[in-house]
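Asks: what follows is a predicted structure for the sequence shown.
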Amino acid sequence: TRVANGGGSAEGLVNGNGEAAEAAHEEGDDESEGEGEEEAGWEDIRLVPAGEASEAAAGGDALERIYAAMSECAALNPDPADEESEEGEEGEDVDEAQLYPGLLGHGEGVLQLKTPTRLPSLLGGERAIGVAASGLFSLALSADGALWSWGSGEDGKLGHGDEEDQWQPKKIEAFAGQRVIAVSAGGGHNLALTADGAVWSWGDGYFGK
């Protein structure tokens, strides 16, 4: 922090080394001439700890008392953002199964597979001809034109008419009688193209998506 001393003395201000210093040095007055008004008459200072501030407030000039009061306020009114950050670090562990339910499609409790593993569900006995994945859910297109989804159901992005999570692929019944030929998964919404040329959308609709 820097403060203008106005060219006068300000003894008792605390400098960057934690020691009281005069705001202007006699030898500095001559050297500062011609260097511009921006740097003239400035001194580095710091806010002193609350204990030292109480002592400084008892005497000294007006600037000392101002900075002493500021230090007291900082000690009595900590930044809420800092407190929230500390609380977050000390908070309870979050259950990953609640954050990322069924992303792999292998059933409840399977949160990690380190090698490619075939899904236990056979998509109604049909072979898959297309897949799409987002951060929190997945889609599979089967050869008969049916569409399957699993993962987080928040905002209805699985297409089952609810917000239930699915740990294994579940057929989207809304496409009954339709033949889906292409599908795309977004961050929280999906698009599907059916054989008749129609485009279908569902999920999170924020920002008109």
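Replies: Yep, that arrived.

Asks: so who does residue 145 touch?
Replies: By Cβ atoms under 8 Å, 6 or more residues apart in numbering, the contact list for residue 145 reads 175, 178-181, 194-195. From N, CA and C alone the C-beta is placed, and that goes for glycine too.

Asks: just residue 147 next, same as before
Replies: Per Cβ under 8 Å, 6+ apart, neighbours of residue 147: 139-141, 159, 171-172, 175, 180, 183, 192.

Asks: of those, closest to residue 124?
Replies: Distance to residue 124 across the contacts of residue 147 (Cβ to Cβ) is lowest for residue 171, with 6.4 Å.

Asks: just give me the neighbour total for the closest one.
Replies: For residue 171, the neighbour count with other Cβ atoms under 10 Å is 19.

Asks: so what's residue 142 closest to, chain neighbours aside?
Replies: residue 126 (3.8 Å; Cβ to Cβ, 6 or more residues apart in numbering).

Asks: all helices of the chain, in order?
Replies: 26-31, 50-57, 62-76, 80-90, 96-99 (DSSP state H).

Asks: hang on, the earlier thing: what's around the residue nearest to residue 142, how many residues?
Replies: If you count neighbours by other Cβ under 10 Å, residue 126 ends up with 16.

Asks: quick one: it and residue 146 touch, right?
Replies: Yes - taking Cβ atoms under 8 Å as the definition, residue 126 is a contact partner of residue 146 at 6.8 Å.

Asks: most neighbours among the contacts of residue 145, which one is it?
Replies: residue 180 (21 neighbours).

Asks: can you pull the contacts of it?
Replies: By Cβ under 8 Å, 6+ apart, the contact set of residue 180 is 141, 145-147, 192-195.

Asks: now flag whichever of the residues you listed is closest to residue 121.
Replies: residue 146 (12.3 Å).

Asks: show me what contacts the closest one?
Replies: Going by Cβ under 8 Å, 6+ apart, residue 146 touches 123-124, 126, 171-172, 175, 180.

Asks: same question for residue 106.
Replies: Residue 106 makes contact with 113, 117, 119-120, 167-168, according to Cβ under 8 Å, 6+ apart.

Asks: now residue 112: how far from residue 136?
Replies: Per Cβ to Cβ, to the nearest Å, residue 112 is found 16 Å from residue 136.

Asks: what about the closest residue to residue 165 other than its chain neighbours, distance to residue 71?
Replies: Counting by Cβ to Cβ, 6+ apart, residue 101 is the residue found nearest to residue 165 once chain neighbours are left out, at 3.9 Å. Separation of residue 101 from residue 71 (Cβ to Cβ): 50 Å.
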